[in-house]
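K.L.:
I would like the atomic coordinates for the input below:
(2 chains)
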Protein chains: 2
Amino acid sequence: MLGIGFIHFHYSPQIRQIHAMNILIVHAHPEPTSLTRSLVDESVGALQAQGHAVALSDLYAMRWKAVFDAHDFPARKNHERLCFITESGHAYSTSQQTADVESEQRKLLAADAVILQFPLWWFGMPAILKGWVDRVFAYGLAYGYRGEGNRYRYGAGGLQGKRALLSVSVGGPAEDYGMRGINGPLDQLLFPITHGMLFFAGMDVLPTHAIYGSGRVTAARVAAEKSAWRQRLAGLFDEAPIPFRRQNDGDYPDGHVLADHVAAGLSGLVAHIERVPRP
Amino acid sequence: MLGIGFIHFHYSPQIRQIHAMNILIVHAHPEPTSLTRSLVDESVGALQAQGHAVALSDLYAMRWKAVFDAHDFPARKNHERLCFITESGHAYSTSQQTADVESEQRKLLAADAVILQFPLWWFGMPAILKGWVDRVFAYGLAYGYRGEGNRYRYGAGGLQGKRALLSVSVGGPAEDYGMRGINGPLDQLLFPITHGMLFFAGMDVLPTHAIYGSGRVTAARVAAEKSAWRQRLAGLFDEAPIPFRRQNDGDYPDGHVLADHVAAGLSGLVAHIERVPRP
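P.N.:
Numbers count the residues shown, from 1 in each chain, chains lettered A, B, ... in the order given. A predicted model of the protein is given here:
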């Protein structure tokens, strides 16, 4: 992009279309008039207006099977004992997965960016969305990439090069999710998702977009929130991702634990985020 | 208990039975020979041997409906628009919930302790267990207790006085979950569950019992792990819970944010745990 030079000083929607991308939106709310759904509609409209191609996975409308179980493995490697890792790797590598999982993986692999839009339920994803991750993030793809255990993870792996963004509707007030708010900071509560699922699988994860107090929103506020969300989407491919530390860039010499000199004196979730992003 | 005096110096299994308790075990693994299931069997055996009454919710065997949706509300308050909080409160307060949810709530309310046993999938619960929480933890019971919004939560609420314990089988090695391990510390990854679900609803939550490297366990190790688990269970009603700060004990004067003098200089998840438990 740098090579194109001055065109970018005048960039317009027309020129933007040259960089048309594929975007997958996965969302999890059954009510058409919910805040989550109105933001999903906004995503589709805004991204298509930018010239992007949008794929939607409306999990409730699809009646997505949330429960990961023996039915996910129509051709078992081991008929005696169900080991999820073994069977997931076998089904993925031999193309013997169920059609619904294969279809979602195809969308995921075609996407340049993935946006997950959901209401925060008990500080995490609704079960139907957790079940999307449980079933679609197969061994060989999202973990155990190339069948090599943990060699590729956290910034490397089957989904490397893609961007990811959470858009979350939160019932409680923002103050409850502040640095000293009673629930804990939202970005730390979502760390198992942003870091543990998305970055783990190789994706560049943008800071979460949250809307607080979602239970009581006026029409005026919905309009303002849609506008703010549209602004975020405009920067989907330009915004700096969360600077999570990559497993294979030297910070974890043994692939497991931070080197002593890295984030010295820090521990816990925050130690895995660089304070100054690398160039 | 203190009043009974010297009997406790000699306490024996026979005397222990005087304090027989009700214990609910909720578990989420479909494979009968899995490590999770062998620990569930151990729980049942050990607790019954202590004289306790054990109720089991084997979510896979029950074909538990994981997805929280309109079918959870057979008699809607608002037929136009599905708002989960409104309908959950209405269904719970008017006894118009589905039979499966009511049955689980009855077990929960009868329990003195609740043990959740599950494999860690993507740093959280399998979807089927998340769906148990989404559906069973109703408004008026586990949140919005007595219909009073956030007045009772974090140490107070519908499940106050009960104990809770997570028993988690973890595929990766312990070092990945240490204070500077690449995944983040297990207790911080599980904070949305221990603090955000169980303590939120009023329960006293014990430190999580984790078994690492669960993908490759020898028979000798299974025996050792069963023995360690049996030890934990022996202290189920004696062990000190995680000293999470209670909302209504003064640390959060406005019910939202820590007072300046509390955990001064700390922020994030760790600020919500007292370093020295109160007597």
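K.L.:
Verify the stated contact: A:Ser267 with B:Arg180.
P.N.:
Yes - using Cβ atoms under 8 Å, A:Ser267 is in contact with B:Arg180, at 5.4 Å. Backbone N, C-alpha and C define where each C-beta goes, glycine included.
K.L.:
So for the two, which residue has more residues nearby?
P.N.:
Of the pair A:Ser267 and B:Arg180, B:Arg180 is the one with more neighbours under other Cβ atoms under 10 Å in any protein chain shown, namely 20 against 16.
K.L.:
residues in contact with the closest residue to that one other than its chain neighbours?
P.N.:
Nearest non-adjacent residue to B:Arg180, counting by Cβ to Cβ, 6 or more residues apart in numbering or on different chains: A:Leu258, 4.4 Å away. Applying Cβ atoms under 8 Å, 6 or more residues apart in numbering or on different chains, we find A:Leu258 in contact with A:245, A:251-252, A:271-272, B:180, B:182.
K.L.:
what residues does the stretch 1-150 of chain A put near chain B?
P.N.:
A:30-31, A:33-34, A:60, A:64, A:66-70, A:81-85, A:119, A:121-128, A:130-131, A:133-134, A:137, A:150 (Cβ under 8 Å from any Cβ of the partner chain).
K.L.:
Contacts made by stretch A:170-184 with the rest, please.
P.N.:
With Cβ under 8 Å, 6+ apart, stretch A:170-184 has contacts from A:119-120, A:123, A:185-186, A:189, A:210-215, B:85, B:150, B:154, B:191-192, B:195-196, B:247, B:252, B:255-258, B:263, B:266-269, B:271-272.
K.L.:
Strands - which of those residues land there?
P.N.:
Judged by DSSP state E, the subset of these located in strands is A:119, A:210-211.
K.L.:
Just say helix, strand or coil for the spatially most central residue of chain A.
P.N.:
Centroid check for chain A by Cα atoms, centre = their mean gives A:Ala164 as the closest residue, at 4.1 Å. Three-state call for A:Ala164 (DSSP: H, G, I helix; E, B strand; the rest coil): strand.
K.L.:
One more: A:Lys65?
P.N.:
coil.
K.L.:
Isn't A:Asp251 up against A:Asp260?
P.N.:
No - if you go by Cβ under 8 Å, A:Asp251 and A:Asp260 don't touch, sitting 11.0 Å apart.
K.L.:
between those two, which one's more packed in?
P.N.:
Shown here are A:Asp251 and A:Asp260; by other Cβ under 10 Å, A:Asp251 has more neighbours (19 against 9).
K.L.:
list the contacts for that one?
P.N.:
A:245, A:258-259, A:262-263.
K.L.:
Looking at those residues, spot the one nearest chain B.
P.N.:
Relative to chain B, the closest of these is A:Leu258; by Cβ to the nearest Cβ it sits at 4.4 Å.
K.L.:
Based on its surroundings, how many neighbours for A:Asp69?
P.N.:
The number of residues near A:Asp69, taken as other Cβ under 10 Å, comes to 18.
K.L.:
Spatially nearest residue to it, not counting backbone neighbours?
P.N.:
Excluding the flanking residues, the one nearest A:Asp69 by Cβ to Cβ, 6+ apart is B:Pro30, at 5.4 Å.
K.L.:
Specify the local secondary structure of that neighbour.
P.N.:
coil.
K.L.:
what residues are up against it?
P.N.:
So B:Pro30 contacts A:69-70, A:82, B:60-61 (Cβ under 8 Å, 6+ apart).
K.L.:
Touching, A:Arg230 and A:Ala46? I think so.
P.N.:
Yes - under the contact definition of Cβ under 8 Å, A:Arg230 touches A:Ala46, with a separation of 4.8 Å.
K.L.:
Quick one: mean pLDDT for the helix or strand containing A:Ser43?
P.N.:
Counting by DSSP states H and E, the element that carries A:Ser43 is helix A:35-49. Across helix A:35-49, pLDDT averages out at 97.
K.L.:
Show me what secondary structure element comes after it.
P.N.:
strand A:53-58.
K.L.:
Once you drop chain neighbours, what's closest to A:Lys162?
P.N.:
A:Met203 (4.9 Å).
K.L.:
got the contact list for the one you found?
P.N.:
So A:Met203 contacts A:114, A:159-160, A:162-164 (Cβ under 8 Å, 6+ apart).
K.L.:
got the residues you listed as a markdown table, with distance to A:Tyr143 columns?
P.N.:
Formatted as a markdown table, these follow (distance: Cβ to Cβ, whole Å):
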| residue | distance to A:Tyr143 |
| --- | --- |
| A:Val114 | 16 |
| A:Leu159 | 10 |
| A:Gln160 | 13 |
| A:Lys162 | 15 |
| A:Arg163 | 19 |
| A:Ala164 | 15 |
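K.L.:
Turn these into a markdown table, including pLDDT.
P.N.:
Output for the contacts of A:Met203, formatted as a markdown table (pLDDT from 0 to 100):
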| residue | pLDDT |
| --- | --- |
| A:Val114 | 98 |
| A:Leu159 | 98 |
| A:Gln160 | 98 |
| A:Lys162 | 98 |
| A:Arg163 | 98 |
| A:Ala164 | 98 |
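K.L.:
burial of the residue lying closest to A:Val44 once chain neighbours are set aside, as a residue count?
P.N.:
Spatial nearest neighbour of A:Val44, chain neighbours left out: A:Val54 (5.3 Å); criterion: Cβ to Cβ, 6+ apart. Using other Cβ under 10 Å, the number of residues around A:Val54 comes to 18.
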